[in-house]
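Colleague: The sequence and its predicted three-dimensional model are supplied below.
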2 protein chains.
Amino acid sequence: MTNPTAAMLVIGDEILSGRTRDINMHVLAQALTQHGIDLKEARVVSDDRDAIVNAVKSLSEAYDQVFTSGGIGPTHDDITADCVAEAFGVHIDIRDDARALLTAFFERRGVEATEGRMRMARIPDGATLIENPVSVAPGFTIENVHVMAGVPSVFEAMVASVLPTIKGGAPLLSQTLRIELPEGEIAGPLRGLAEAHPTLSIGSYPFQHNGAFGSNIVIRGHDGSEVDAAMVKLAELFPGNLA
Amino acid sequence: MTNPTAAMLVIGDEILSGRTRDINMHVLAQALTQHGIDLKEARVVSDDRDAIVNAVKSLSEAYDQVFTSGGIGPTHDDITADCVAEAFGVHIDIRDDARALLTAFFERRGVEATEGRMRMARIPDGATLIENPVSVAPGFTIENVHVMAGVPSVFEAMVASVLPTIKGGAPLLSQTLRIELPEGEIAGPLRGLAEAHPTLSIGSYPFQHNGAFGSNIVIRGHDGSEVDAAMVKLAELFPGNLA
């Protein structure tokens, strides 16, 4: 039994220019791991129509689920919704259900329903809205693509709204052992362990602390008893060097 | 005159599982912007042979320069160098120049040249070494692909080593104006400004501060006088709402 796969698509010039540091990828990665969905790839593209349309098409074909972040606000550079509609060849316009949400919110807040703001009600035909408990303007799901905001607080809230609607698998379990040896001396025995457990992912993350070299060895897998068994073998390989 | 384009490829299960938060993308994005190279795309893939080979092939065809991060250490999951060699169809083995760097370093440090450590001297035929002033084990450049370490301090040092060897363009200039109005009220006039300046990138980054809504408008371009001119027009659009 294998878990569903996923990709993330981050849309935004501000990440690629170095102005802003993306944090949504890390939030989504952790949420998917808990939900039993394997995030296999993440891409960042600029606010460019062709780049977005092509990435949506290729990722939605290659993976079970696709999560996008960014480009659904009120300004001219927010073109994600239109690009996703184009990728699936469906019509997009201001939709009544999204308009109703927004106008009710604007009335409560006493803000004007400008043309820019109403752009946030543009939803492709056939899409399901994703609730936004932070600032109301919804995301949406169409086919296997989940379109969410780039503002981190809104992105995180939308992930929480949409994940329960997606079937997950076995959560990825992981155990870490800190070994107080340079990575170069761990590498040989570790390779043998990895070859003996092909269904596990065994990673080595070196560190340097107060001038001493060490490495955190992380064993990940969906079968808890196999993770445990490999962890026991790992500890036996380095009896004198455990923290 | 357009600037060279670039893509980044981050290799590492630890990013996609949410264990580690990538920071190299932000470091590279800022360095490339300063150097006049336009970072157009970034991808994160797992430590998987096919995923790495395919990403290297498609990115090196699509962009002028490709920068990779991760997967060149001494352990079994460090497969980036072999995958890059495969992507370009060239032979890879421990190479004398890299071996000499490493053995001299190991002798000075009094550490053993284990099989794992010597894996870090695997360099594809025809590649040029990238200096690593932090921990000696080199990166390399082959064709338009620059292969660097994932450890942030090493990655940053390698970027500093390799960038002077790559022809840059006009640095991307940017100016920011903080407007104390909700994004929805900025959107209309901003669209007009963007349409009047098609060669500039004009982004809106909303914020909420002490309950008040505002947005930072960032105008980016390679022509400083055009950025200036657009910035003057922007300020005139919102005379009463500047910070």
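Modeller: That came through, no problem. Numbers count the residues shown, from 1 in each chain, chains lettered A, B, ... in the order given.
Colleague: residue contacts, A:Thr176?
Modeller: A:Asn216, A:Ile217, A:Val218, A:Ile219 (C-beta atoms under 8 Å, 6 or more residues apart in numbering or on different chains). The way it works is simple: take the backbone N, C-alpha and C, and place the C-beta from them, glycine included.
Colleague: Then the third one would be within a strand, right?
Modeller: Yes - using DSSP: H, G, I helix; E, B strand; the rest coil, the assignment for A:Val218 is a strand.
Colleague: Counting neighbours, what do you get for it?
Modeller: Neighbour count for A:Val218, taken as other C-beta atoms under 10 Å in any protein chain shown: 19.
Colleague: what do you get for the first one?
Modeller: Using other C-beta under 10 Å, the number of residues around A:Asn216 comes to 16.
Colleague: Please apply the same query to the second one.
Modeller: When neighbours are counted by other C-beta under 10 Å, A:Ile217 registers 25.
Colleague: That one touches A:Phe207, doesn't it?
Modeller: No - contact criterion C-beta atoms under 8 Å: A:Ile217 and A:Phe207 do not qualify, at 11.5 Å.
Colleague: ok now the worst-scoring helix or strand of chain A on mean pLDDT, how far from the chain's centre?
Modeller: Every helix and strand of chain A was ranked by mean pLDDT, DSSP states H and E. The lowest is strand A:201-209, at a mean of 84. In terms of C-alpha atoms, centre = their mean, to the nearest Å, the centre of strand A:201-209 is found 23 Å from the chain centre.
Colleague: Work out the sheet partners of it and label each with its direction, please.
Modeller: strand A:212-221 (antiparallel) (DSSP bridges).
Colleague: Keeping just the C-alphas, turn the strand it pairs with into CSV.
Modeller: The C-alpha coordinates for strand A:212-221 follow below in CSV (Å, rounded to 0.1, in the frame of the first residue of the first chain):
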residue,chain,number,x,y,z
ALA,A,212,33.0,18.2,17.2
PHE,A,213,31.4,16.6,14.1
GLY,A,214,28.4,14.5,14.3
SER,A,215,25.3,13.5,12.3
ASN,A,216,21.6,13.0,12.9
ILE,A,217,20.5,9.8,11.3
VAL,A,218,16.8,9.9,10.4
ILE,A,219,15.0,6.7,9.5
ARG,A,220,11.6,7.3,7.9
GLY,A,221,8.9,4.8,6.8
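Colleague: Contacts only, for A:Leu101.
Modeller: A:Ala121, A:Leu129, A:Val136, A:Ala137, A:Pro138.
Colleague: Sitting in strands, which of those do you find?
Modeller: Counting by DSSP state E, the contacts of A:Leu101 place A:Leu129 in strands.
Colleague: From the contacts of A:Leu101, keep the buried residues only.
Modeller: By neighbour count, with 16 or more other C-beta atoms under 10 Å in any protein chain shown, those hold A:Ala121, A:Val136, A:Ala137, A:Pro138 as buried.
Colleague: how about the second one, what does it touch?
Modeller: Spelled out, that is A:Val136. Contacts of A:Val136 (C-beta under 8 Å, 6+ apart): A:Leu101, A:Leu102, A:Phe105.
Colleague: can I get those in TSV with secondary structure, distance to B:Gly203 and pLDDT?
Modeller: Output for these, formatted as TSV (DSSP: H, G, I helix; E, B strand; the rest coil; distance: C-beta to C-beta, whole Å; pLDDT from 0 to 100):
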residue	secondary structure	distance to B:Gly203	pLDDT
A:Leu101	helix	26	95
A:Leu102	helix	22	95
A:Phe105	helix	24	92
